[in-house]
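how would this look folded up:
(one chain, ligands or ions: 1)
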Amino acid sequence: MSIKRLGVVGSGIMGSGIAEVAGKAGIEVVLRSRSQSTADAMVAGLEKSLAKQVDRGKLEAAERDAVLGRVQAVSDLGELADCDLVLESVVEDLAIKKHLFTELDRIVKEGAILATNTSTLPVVEMAMETGRPELVCGIHFFNPAPAMPLVEVVRAITSSDETIATARAFAEACGKNPVLVKDQAGFIVNALLFPYLNNAVKLYDAGVATREDIDAAMQGGCNFPMGPLALLDLVGLDTSLAILEALYAEFKDPNYAPAPLLKRMVSAERLGRKSGQGFFEYGKR
Ligand SMILES: NC(=O)c1ccc[n+]([C@@H]2O[C@H](COP(=O)([O-])OP(=O)(O)OC[C@H]3O[C@@H](n4cnc5c(N)ncnc54)[C@H](O)[C@@H]3O)[C@@H](O)[C@H]2O)c1
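Numbering: from 1, shown residues only. All right, here's what the predicted structure looks like:
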């Protein structure tokens, strides 16, 4: 099956980025946000992002108009009924995602694939909320979705070969390089990345170095494009905490136990770039 119409649920950092990627790949996109005002804000954000690309000579004006014509933002979940694939990208919370899968199974046409962009949560638990567990898998984009080439295609023990083949082909049609991974917390990237990020928070909290020097050390010493604290701010500290909690729940490995400071920062609503303050400051949002 080839994906001609994609539904995206959630218009946060990742949902908006995925809508842009798929729209540019010539796929019709229906992006569902919980309110029409956030749906409209997402379209305004997409217009801004595409306008920047036109200004930099990276996109033709006609192509910008075509992409905008392909992306429709809605607030009613019922508008996703006709999609070939619905990829949810709502908050990293298993109870919320499971409830959403029950709803999507009721609404979305028979034979369509239901996928999750979760970073760590068990895909099989979402699959088992539906009457079509063979048609459920993970399609994990990276942040920022328009720039990052990787997609992890996650095979739950219930996913069929056809579902996985379609998910891979969809990722390729979006211009991404898919890797296949089984449904285990953190998949490949976050299972390896998050102990490092978590330890950077502990190092900072212990006063071993300033936030600037921790980041500069990993950029200059390991040639990483950004430091760990800036990366946490980009991912979102609430999402990062949820990822660590899911990893810890699965493996009980102390390296995954969230650093106390990370928890405190989330309680204080310092969520990183999206709230304007995290380990660094980003001005008013
Ligand atoms: N941030 C990253 O770097 C990153 C990377 C890859 C995957 N992910 C995954 O993508 C998903 C979304 O993350 P994000 O970074 O876009 O988060 P975000 O905080 O930017 O957006 C979350 C979205 O979920 C919606 N939401 C919140 N509560 C909801 C509810 N009860 N019902 C329905 N929608 C609700 C919000 O309105 C928002 O649109 C998560 O599963 C996350 O693990 C995140």
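
switch to C-alpha atoms for all contacts and neighbour counts from now on
Will do.

where does the protein come near the ligand, residue by residue?
Contacts of the chain with the ligand, taken as C-alpha under 6 Å from any ligand atom, map to 10-15, 89-92, 96, 117-119, 140-143, 235-236, 239.

Where do the helices of the stretch 1-150 of the chain begin and end?
Along the stretch 1-150 of the chain, the stretches classed as helices by DSSP state H, counting those that start in this stretch are 13-24, 36-55, 61-70, 94-107, 123-127.

Flag every buried residue along the helix or strand bottoming out on mean pLDDT in the chain.
Lowest mean confidence among the helices and strands of the chain (mean pLDDT, DSSP states H and E): helix 36-55, at a mean of 91. Under the neighbour-count criterion of 16 or more other C-alpha atoms under 10 Å, helix 36-55 has 38, 39, 40, 42, 43, 46, 47, 50, 51, 54 buried.

circling back: just the buried residues from the residues of the chain next to the ligand, in ChimeraX please.
Buried members of those, defined by 16+ other C-alpha under 10 Å, are picked up in ChimeraX with:
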select :10,11,12,13,14,15,89,90,91,92,117,118,119,140,141,142,143,235,236,239
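
Which ones among the residues of the chain next to the ligand lie within strands?
Residues of the residues of the chain next to the ligand located in strands (DSSP state E): 140, 141.

any chance you could map the helices in the stretch 151-285 of the chain?
161-173, 189-205, 211-222, 228-235, 237-251, 260-267.

so which of those helices comes closest to residue 33?
helix 237-251 (18.2 Å; C-alpha to C-alpha).

So which bits of the closest one are buried?
Neighbour-count burial for helix 237-251 [16+ other C-alpha under 10 Å]: 237-248, 250.

Let me know the angle separating that helix from helix 189-205.
Counting by axes from the mean of the first three to the mean of the last three C-alpha atoms, to 10 degrees, helix 237-251 lies at 110 degrees to helix 189-205.

And helix 237-251, how far out from the chain middle?
In terms of C-alpha atoms, centre = their mean, to the nearest Å, the centre of helix 237-251 is set 14 Å apart from its chain centre.

try stretch 264-276
Distance, centroid of stretch 264-276 to centroid of chain: 18 Å (C-alpha atoms, centre = their mean).

For that stretch, give me every contacting residue.
For stretch 264-276, contacts defined as C-alpha atoms under 8 Å, 6 or more residues apart in numbering pick out 232-238, 241, 277-285.

re the thing from before, and the buried residues of helix 237-251 as CSV, adding pLDDT and distance to residue 270?
CSV is the format used below for the buried residues of helix 237-251 (pLDDT from 0 to 100; distance: C-alpha to C-alpha, whole Å):
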residue, pLDDT, distance to residue 270
237, 98, 7
238, 98, 9
239, 97, 12
240, 98, 12
241, 98, 12
242, 98, 14
243, 97, 17
244, 98, 17
245, 98, 18
246, 97, 20
247, 97, 22
248, 98, 22
250, 96, 26
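
Quick check: the farthest pair among those?
Farthest pair in those (C-alpha to C-alpha) is 237 and 250. Separation: 19.8 Å.

Read off the pLDDT value for residue 11.
The confidence metric pLDDT takes the value 89 at residue 11.

I meant to write residue 4 there.
97.

what's the answer for residue 285, then?
The model's pLDDT for residue 285 equals 52.

From the buried residues of helix 36-55, pick the one nearest the ligand.
residue 38 (7.9 Å; C-alpha to the nearest ligand atom).

residue in the stretch 151-285 of the chain nearest to the ligand?
Counting by C-alpha to the nearest ligand atom, the stretch 151-285 of the chain gets nearest the ligand through residue 235, at 3.5 Å.
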